[in-house]
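S.K.: my questions concern the predicted model and sequence given below.
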Amino acid sequence: MHLPKPIEIYFLSDKAQDTKVLATCFAPNATVCDEGRTFTGLAAITAWRIEAKRKYEYTVEPLEAVQRDGKTVVTSRVSGNFSGSPVTLTYVFKLDRDRIASLEIRS
């Protein structure tokens, strides 16, 4: 599956558990919406990723990517230490040039 470079980096960094690379794929003032909470800026996004990995010990497998309404929508299988695992989640990315401007994770 072909993903825009910043989204590819996002998923690869998740697999490698490398939060340092998040600054190369997210815009400085980017937002992430997950589990009813919004995280704004690289420091908050990095802290969110670290906490989610610690709490859920999850892995993500992208299954399909489509373009919809100017956004890249990636359907993924997420497995981890949580009730109902594995689940299928939708990752909705909005890009600004070569960076992720926003990410919304939906169930």
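M.R.: Looks like it arrived, so ask away. Numbering: from 1, shown residues only.

S.K.: need the per-residue pLDDT for Val60.
M.R.: Note on Val60: pLDDT of 96.

S.K.: scratch that, Thr19 is what I was asking about
M.R.: 87.

S.K.: just checking, it touches Arg49?
M.R.: Yes - Thr19 is in contact with Arg49 according to Cβ atoms under 8 Å; the separation is 5.4 Å. Bear in mind the C-beta positions are built from the backbone N, C-alpha and C, glycine included.

S.K.: who's more crowded, those two?
M.R.: Arg49 (20 against 17; other Cβ atoms under 10 Å).

S.K.: name the SS class of that one, please.
M.R.: helix (DSSP: H, G, I helix; E, B strand; the rest coil).

S.K.: for Ala43, see how far away it is.
M.R.: Here the criterion is Cβ to Cβ, to the nearest Å. By it, Arg49 lies 11 Å from Ala43.

S.K.: try Tyr10
M.R.: For Tyr10 relative to Ala43 (Cβ to Cβ), the value is 17 Å.

S.K.: neighbour count winner among the two?
M.R.: With neighbours defined as other Cβ under 10 Å, Tyr10 and Ala43 compare such that Tyr10 has more, 24 against 12.

S.K.: give the contact list for that one.
M.R.: 22, 25-26, 93, 100, 103 (Cβ atoms under 8 Å, 6 or more residues apart in numbering).

S.K.: repeat that for 10 Å
M.R.: 3-4, 21-22, 24-26, 49, 60, 62, 74, 91, 93, 100, 103 (Cβ atoms under 10 Å, 6 or more residues apart in numbering).

S.K.: what's the answer for Ala43, then?
M.R.: Ala43 touches 22-23, 28, counting by Cβ under 10 Å, 6+ apart.
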